[in-house]
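Provided below are the primary sequence and the corresponding predicted coordinates.
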Amino acid sequence: MEYKNDLKSHYIIKNNKKLRFGYTTGTCAAAAAKAAAKMLFGEEEVSRISLITPKGIALHLQIKDISKGAGWVSCAVKKDAGDDPDVTDGLCIYAKVEKYPCSGILIEGGEGVGRITKKGLEQPVGGAAINHVPRTMIQAEVESVYHETGYQGGLLVTISVPKGEEIAVRTFNPRLGITGGISILGTSGIVEPMSEAALVKSIEIEMRMRVAEGNKYLSATPGNYGEAYLKEHMNIPYEENIKCGNHVGETIDMAVNLGAKGILFTSHIGKLIKVAGGIMNTHSRWADARAEIMCGNAIRAGANIDVADAILKTATTDEALEILVGSHLLDSTMEEIMSKLQYYLDYRACGRLMTGAIVFSNKFGYLGQTKGAEALVKKLDATIKQEG
């Protein structure tokens with residue numbers, strides 16, 4: 001019999017390329033658990049299993065590495081992330097289902113599934129890093145088999161990922177305080193290639209954890225440059241920093257919604273110059289305008305037409321900064337930029353939390369900070385001293 005996944009008709013187009021969807025570790029765990037339960041209560045081996053993901057897409061997944069013992073069955077489903085660059089792609093997600101002296105269905109994490117060590121995540125401290133939606137999927141799929149059998153006892157479902165601990169170092173888990181393996185994730189059961197929503201969700205998870213730990217004043221950087229600057233030049237532990245990527249606006253929104261009191265951005269000017277023009281997603285596909293924003297602020301600082309024209313012809317912010325240095329306009333232009341940057345950060349926050357930014361260049365070093373930055377540095381420093 002030929003099985004066709006509805007997934008084949010789901011894809012997105014990015015940069016003129018057709019990118020196929022995949023399925024999550026949560027879907028793999030649920031499918032493996034369903035197959036193991038079927039084999040526990042039936043005599044035939046299950047080579048494929050069908051399920052409907054929360055997104056409504058039907059999957060028919062191959063079952064691998066079946067093993068059986070007295071009162072238990074174990075099997076696996078191989079993760080397929082589609083065309084998403086997911087580090088868990090190709091991992092086998094195992095489920096062992098066994099009869100157990102309890103009532104109902106107990107879901108646990110085994111080898112290669114991380115353990116929660118910090119507050120603020122979906123599961124309690126000490127629990128297995130199997131998120132709510134995957135747990136619900138596993139529960140539902142096993143129950144669909146369980147109720148057909150007439151069996152009155154309990155079941156223990158143990159999810160494991162033999163290579164999970166090795167892979168976990170390449171995920172967000174170490175930053176989130178999840179140790180010993182990967183997380184079993186997925187809100188829709190489906191992996192969308194290069195999903196912006198997945199990245200924003202990972203930022204939210206880390207922020208939620210920081211706030212739950214009592215960190216009401218947050219530090220954020222778009223990437224590695226900002227984190228390195230914190231490490232080398234500031235008394236803010238870079239380990240506590242949240243990487244927000246290009247999502248400055250959404251990071252502010254999440255900080256507001258989670259009840260934070262303030263957020264300080266530390267970034268290379270190449271990112272935050274865009275925010276000084278009201279551009280809250282700094283990825284180049286949304287907008288660039290770096291030279292235009294730099295030029296406009298330079299004119300406000302006194303630049304003549306020749307300087308303005310030269311800035312507009314630059315390809316990088318460092319090139320533009322060289323022109324400002326040569327024209328003795330760097331400090332005055334940075335004052336203008338810091339003022340606009342503070343305005344747009346505050347505008348996005350709607351007055352519901354303190355905002356500020358510290359801006360630097362790899363070539364020219366510290367360039368300036370917004371009006372709200374100094375107070376936030378003091379708040380962050382006070383938090384560090386309290387923890388010490």
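Received, thanks.

in the helix or strand where Ser202 lies, what's buried?
Ser202 belongs to helix 196-212 when assigned by DSSP states H and E. By neighbour count, with 16 or more other CB atoms under 10 Å as the criterion, the buried positions of helix 196-212 are 198-200, 202-211. Heads up, the C-betas are built off the backbone N, CA and C, glycines and all.

which parts of the stretch 251-388 of the chain are helices?
269-275, 290-300, 305-312, 317-326, 330-349, 373-387 (DSSP state H, counting those that start in this stretch).

to Trp72, which of those lies closest?
Closest to Trp72 of those is helix 373-387 (CB to CB; 45.1 Å).

I'd like the average pLDDT over the closest one.
For helix 373-387, mean pLDDT is 79.

what do you get for stretch 255-274?
95.

on that earlier part again, list the helices and strands the helix holding Ser202 packs on?
helix 173-176, strand 217-221, strand 242-243, helix 248-257 (3 or more CB pairs under 8 Å, 6 or more residues apart in numbering; DSSP states H and E).

mind checking how far it is from the chain centre?
6 Å (CA atoms, centre = their mean, to the nearest Å).

returning to what we had before: so which of the helices and strands packed on helix 196-212 is the most surrounded?
Ranked by mean neighbour count, the helices and strands packed on helix 196-212 are led by strand 217-221 with a mean of 25 (mean count of other CB atoms under 10 Å).

the inter-axis angle of the helix or strand following it versus strand 217-221?
Of the helices and strands lying after strand 217-221 in sequence (DSSP H and E), the nearest is helix 224-233. The directions of helix 224-233 and strand 217-221 differ by 120 degrees, with axes from the mean of the first three to the mean of the last three CA atoms, to 10 degrees as the criterion.

which secondary structure elements does helix 224-233 sit against?
strand 217-221, strand 262-268, strand 354-361.

export the ones you listed to a markdown table and tack on distance to Thr282?
Below are the helices and strands packed on helix 224-233 laid out as a markdown table (distance: least, CB to CB, whole Å):
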| stretch | distance to Thr282 |
| --- | --- |
| strand 217-221 | 12 |
| strand 262-268 | 9 |
| strand 354-361 | 12 |
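
so for Gly90, which of the ones you listed sits nearest?
Per CB to CB, nearest to Gly90 of the helices and strands packed on helix 224-233: strand 217-221, 31.1 Å.

now that closest one, how far from the chain's geometric center?
For strand 217-221, the distance to the chain centre is 15 Å (CA atoms, centre = their mean).

what pairs with it, parallel or antiparallel?
Note on strand 217-221: by DSSP bridges, its sheet partners are strand 242-243 (parallel), strand 262-268 (parallel).

got the contact list for Gln139?
Applying CB atoms under 8 Å, 6 or more residues apart in numbering to Gln139 gives the contacts 105, 107.

shouldn't it be within a helix?
Yes - the assignment for Gln139 is a helix, going by DSSP: H, G, I helix; E, B strand; the rest coil.

Val113 pairs with what?
Residues in beta-bridge contact with Val113 (DSSP bridges): Ile182.

quick one: low-confidence ranges for the stretch 1-150 of the chain?
1-17 (pLDDT under 70).

all strands for it, in order.
Counting by DSSP state E, counting those that start in this stretch, one finds strands in the stretch 1-150 of the chain at the ranges 11-14, 17-20, 22-23, 48-52, 58-62, 64-69, 72-78, 92-100, 105-109, 115-116.

quick one: which of these is nearest Ile311?
strand 11-14 (32.0 Å).

out of the strands paired with strand 217-221, nearest to Ile252?
strand 262-268 (6.5 Å).

what residues does that closest one touch?
With CB under 8 Å, 6+ apart, strand 262-268 has contacts from 216-222, 225-226, 229-230, 234, 236, 241, 244, 248, 251-252, 255, 272, 317, 345, 353-362, 372-373, 375-377, 379-380.

next: stretch 210-224.
118-120, 207, 227, 229-230, 236, 240-246, 248, 251, 255, 258-268, 271, 282, 354, 376, 379-380, 383.

what's the local residue count around Asp306?
Asp306 has 10 neighbours, counted by other CB atoms under 10 Å.

rewinding a little: out of the helices and strands packed on helix 224-233, flag the one nearest Ile107.
Short answer: strand 217-221, nearest of the helices and strands packed on helix 224-233 by CB to CB, at 32.5 Å.

picking up where we left off before, out of the helices of the stretch 251-388 of the chain, deepest packed?
helix 269-275 (a mean of 25).

mind checking how far that helix is from the chain centre?
Distance, centroid of helix 269-275 to centroid of chain: 21 Å (CA atoms, centre = their mean).

re the thing from before, of the strands of the stretch 1-150 of the chain, which is nearest Asp288?
strand 11-14 (18.5 Å).

quick one: residues contacting Lys261.
Per CB under 8 Å, 6+ apart, neighbours of Lys261: 216-217, 353-354, 379.

and for Gly356?
262-265, 342, 345, 369-377 are the contacts of Gly356 under CB under 8 Å, 6+ apart.

tell me the one of these nearest Gly189?
Using CB to CB, these come closest to Gly189 at Ile263, 32.3 Å.

specify the beta-bridge partners of that closest one.
Under the criterion used (DSSP bridges), Ile263 bridges to Leu218, Thr355.

again with the one 4 residues further on
Per DSSP bridges, residues listed as beta-bridge partners of Ser267: Val359.

for stretch 156-168, which positions count as buried?
Within stretch 156-168, the residues scored as buried using 16+ other CB under 10 Å are 156-162, 164-165, 167-168.

still on that earlier bit, nearest to Leu59 among the helices and strands packed on helix 224-233 would be which one?
strand 217-221 (36.8 Å).

so the closest one versus helix 248-257, what angle?
160 degrees.

so what's the residue nearest to Gly109 when sequence neighbours are not counted up against?
Counting by CB to CB, 6 or more residues apart in numbering, Gly109 lies nearest to Ala128, which is 2.7 Å off, once chain neighbours are set aside. Applying CB under 8 Å, 6+ apart to Ala128 gives the contacts 107-109, 113-116, 159, 184.
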